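Chemist: Turn this into a model:
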Amino acid sequence: MNERAVGRAMKKSGVAREDIFLSTKIWASQYLTEGTVEKSLELLGTDYIDLMFIHQPAGDFMAGYRKLEKAYKEGKVKSIGISNFHDEKLEKLLAECEIKPHVIQMEAHPYYMDEKTIDMLKDCGCRVMAWYPLGHGDKALLGEPIFARLAEKYGKSAAQVVLRWHVQVGNQVIPGSTNSEHIKANADIFDFELTDAEMEEIAKLNKNVRYYNATPEMEEGYAGYAIDLDSQE
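Modeler: Coordinates of the predicted model:
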């Protein structure tokens, strides 16, 4: 619900469109709505979107995915993304889709490395975009002794070490913050590299425990939650 504002910001930025990587989503209740992709293009004030996701494996998600496949063929969408898919719904999508997803947005951090989902997608080259990359700010995760030790070794914060781990694992990671100093710090992770031994030690933290778990009832609630795209400021 911020596409109109993002479109205004892109125009005011003075940055060339080809130098901006723009992503957005189709909300679950919009999967059956006509002209969904075109409406996003209108609100964003652009003629193409670099990466467009379907938001949840809810409702008729294959209808939403087919919209993205059509837009991809037409050049309106440069790459296709899925969010929060796993198990049988991911199996259904992979079995029925014509164009395999390029990116999956999913919870990922050192306490949760969903190897089953990643393995299901490895043959199609789908990349992971991590949300909750810092474990939803969990003090237990950021306070793990290994991160304190590595932060001291490299002259970084524990959060920077975790973000560097993501980069080396191969995850796309875009940590959110409204604090300008945190934003700068989050980007300052390319002047050091964790060793193979350190990466292996971090991998041992995996508990396969999520911070967020959507029930089937919640997912269907997303599909029934109508939104008015024109109501954006």
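Chemist: ranges for the helices of the protein?
Modeler: 3-13, 36-44, 61-73, 87-96, 115-121, 139-142, 145-154, 158-169, 180-187, 196-203, 216-224 (DSSP state H).
Chemist: So which of those is nearest I104?
Modeler: The closest of those to I104 is helix 115-121. By C-beta to C-beta, the value is 6.2 Å. Placement of C-beta: from N, CA and C, glycine included.
Chemist: Report all helices and strands that the closest one contacts.
Modeler: helix 87-96, strand 103-107 (3 or more C-beta pairs under 8 Å, 6 or more residues apart in numbering; DSSP states H and E).
Chemist: tell me which residues in that helix are buried?
Modeler: Using 16 or more other C-beta atoms under 10 Å as the test for burial, helix 115-121 gives 117-118, 120-121.
Chemist: hang on, the earlier thing: pipe the helices of the chain into a markdown table and attach distance to I26 and mean pLDDT per row.
Modeler: Below are the helices of the chain laid out as a markdown table (distance: least, C-beta to C-beta, whole Å; pLDDT from 0 to 100):
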| stretch | distance to I26 | mean pLDDT |
| --- | --- | --- |
| helix 3-13 | 11 | 97 |
| helix 36-44 | 5 | 97 |
| helix 61-73 | 5 | 98 |
| helix 87-96 | 14 | 96 |
| helix 115-121 | 20 | 93 |
| helix 139-142 | 31 | 94 |
| helix 145-154 | 36 | 98 |
| helix 158-169 | 26 | 97 |
| helix 180-187 | 27 | 94 |
| helix 196-203 | 34 | 98 |
| helix 216-224 | 11 | 78 |
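Chemist: what's the most buried one of those helices?
Modeler: Highest mean neighbour count among these (mean count of other C-beta atoms under 10 Å): helix 158-169, with a mean of 21.
Chemist: Alpha carbons only: can I get that helix in CSV?
Modeler: Extracted in CSV, the C-alpha atoms of helix 158-169 (Å, rounded to 0.1, in the frame of the first residue of the first chain):
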residue,chain,number,x,y,z
ALA,A,158,26.9,-8.7,16.1
ALA,A,159,24.2,-7.6,13.6
GLN,A,160,26.9,-6.9,10.9
VAL,A,161,28.4,-10.3,11.4
VAL,A,162,24.9,-11.9,11.0
LEU,A,163,24.3,-9.9,7.8
ARG,A,164,27.7,-10.9,6.5
TRP,A,165,26.8,-14.5,7.1
HIS,A,166,23.7,-14.0,5.0
VAL,A,167,25.7,-12.6,2.1
GLN,A,168,28.2,-15.5,2.2
VAL,A,169,25.4,-18.1,2.4
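Chemist: tell me the average confidence for stretch 19-31?
Modeler: In this model, stretch 19-31 has a mean pLDDT of 95.
Chemist: Restricting to C-alpha, output it in CSV.
Modeler: Taking Å, rounded to 0.1, in the frame of the first residue of the first chain, the C-alpha atoms of stretch 19-31 are listed here in CSV:
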residue,chain,number,x,y,z
ASP,A,19,19.7,2.2,-11.7
ILE,A,20,16.8,1.3,-9.4
PHE,A,21,15.8,-2.2,-8.6
LEU,A,22,12.1,-2.1,-7.9
SER,A,23,10.1,-4.8,-6.3
THR,A,24,6.4,-5.0,-5.2
LYS,A,25,3.8,-7.6,-4.4
ILE,A,26,0.3,-8.7,-5.4
TRP,A,27,-1.8,-9.0,-2.2
ALA,A,28,-3.6,-12.3,-1.8
SER,A,29,-7.1,-10.8,-2.2
GLN,A,30,-6.0,-9.4,-5.6
TYR,A,31,-5.1,-12.8,-7.2
